[in-house]
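# Just the structure for this:
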Amino acid sequence: MTNTTTNVTRQDRTESAPGFAELPGLMSLMTGDEKHGPAATSTLDALWVLYDRVLRISPDAARDPARDRFLLSKGHGPMAYYAVLAAKGFFPAAWLPGFGSYDSPLGHHPDRVLVPGAEIGSGSLGHGLPLAVGTALGLHAQGLTDPTVWVLVGDAELDEGSNHEAIAYAGAAGLSRLHTLVVDNSSSTHGWRGGIASRFEAAGWSAATVDGRDHEALYAAFTAPHPGRPHAVVARVEPKEYADEPKPKPRGDAA
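Next up is the predicted model:
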């Protein structure tokens, strides 16, 4: 079978499409009380860099077995995810104003049956990373060794024990196609001695901690080599309790 995803260039994916500067405007189309605003805005920069520069996936190849997989485990604040998917052409931006309404496919938690481009239904915390481990194992069992698997979790989500079973297994199994992006807005109950990255490193993962608003730092961390090991990137952003719908920085700016 022809691998259509590997033939999708960055220019092909972004030509005539909204850029990063348009994402806040797309997010502003989604209104309502149940928005989890800081949970969404904390992920916006990292999601954009992944979809714009790293992931080999496009609307035309959304069901290609050779595509990369992205799993949003932090599904309770999906507006940034929806904005990025709309910007990349997975569904019309005209869907965004209906966010959370009764007849809208864009629910407060993403539904893989309703949202084009979504790999899992999410929002119940602690499920995404174990599902990503299973996805990496399933791809390997099918002989699909080229696709990468990415999962985005929040730092507070690591309070759930299911994540640590997945972290321990993935490190021991050497799942080198597995990547975990942890968006750290200082909302976990206890935090981690030595930082979040040290938890992954102790289980045999490669890990990096970067400014979650610096696009070049994110890209470098996302694409760092990690032979024989899964890879974790901790993207640190402003603490949740002080986040008042922050405006993401332009690409490449440091904190």
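
# Going along the chain, name the helices of the stretch 101-250 of the chain.
128-141, 161-173, 196-202, 215-222 (DSSP state H, counting those that start in this stretch).

# what would those look like in JSON lines with mean pLDDT and mean neighbour count?
For the C-beta atoms, the positions are set from N, CA and C on the backbone; glycine is no exception. Converted to JSON lines, these look like this (pLDDT from 0 to 100; neighbours: other CB atoms under 10 Å):
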{"stretch": "helix 128-141", "mean pLDDT": "97", "mean neighbour count": "20"}
{"stretch": "helix 161-173", "mean pLDDT": "96", "mean neighbour count": "17"}
{"stretch": "helix 196-202", "mean pLDDT": "96", "mean neighbour count": "19"}
{"stretch": "helix 215-222", "mean pLDDT": "98", "mean neighbour count": "20"}
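
# Any idea which of the ones you listed gets closest to residue 237?
Nearest to residue 237 among the helices of the stretch 101-250 of the chain is helix 215-222 (11.0 Å), distances taken as CB to CB.

# neighbouring contacts of the closest one?
For helix 215-222, contacts defined as CB atoms under 8 Å, 6 or more residues apart in numbering pick out 20, 45-46, 48-50, 53-54, 179, 181, 208, 210-212, 233, 235, 251-252, 254.

# Can you say which of these are buried?
Buried members of the contacts of helix 215-222, scored by 16 or more other CB atoms under 10 Å, are 20, 45-46, 48-50, 53-54, 179, 181, 208, 210-212, 233, 235, 251.

# For residue 115, which of the helices of the stretch 101-250 of the chain is the nearest?
Nearest to residue 115, of all the helices of the stretch 101-250 of the chain, is helix 128-141, at 14.9 Å by CB to CB.

# by contact count, what packs against that closest one?
In this structure, helix 128-141 packs against strand 69-72, strand 149-154, helix 161-173, strand 178-184, with contacts taken as 3 or more CB pairs under 8 Å, 6 or more residues apart in numbering; DSSP states H and E.
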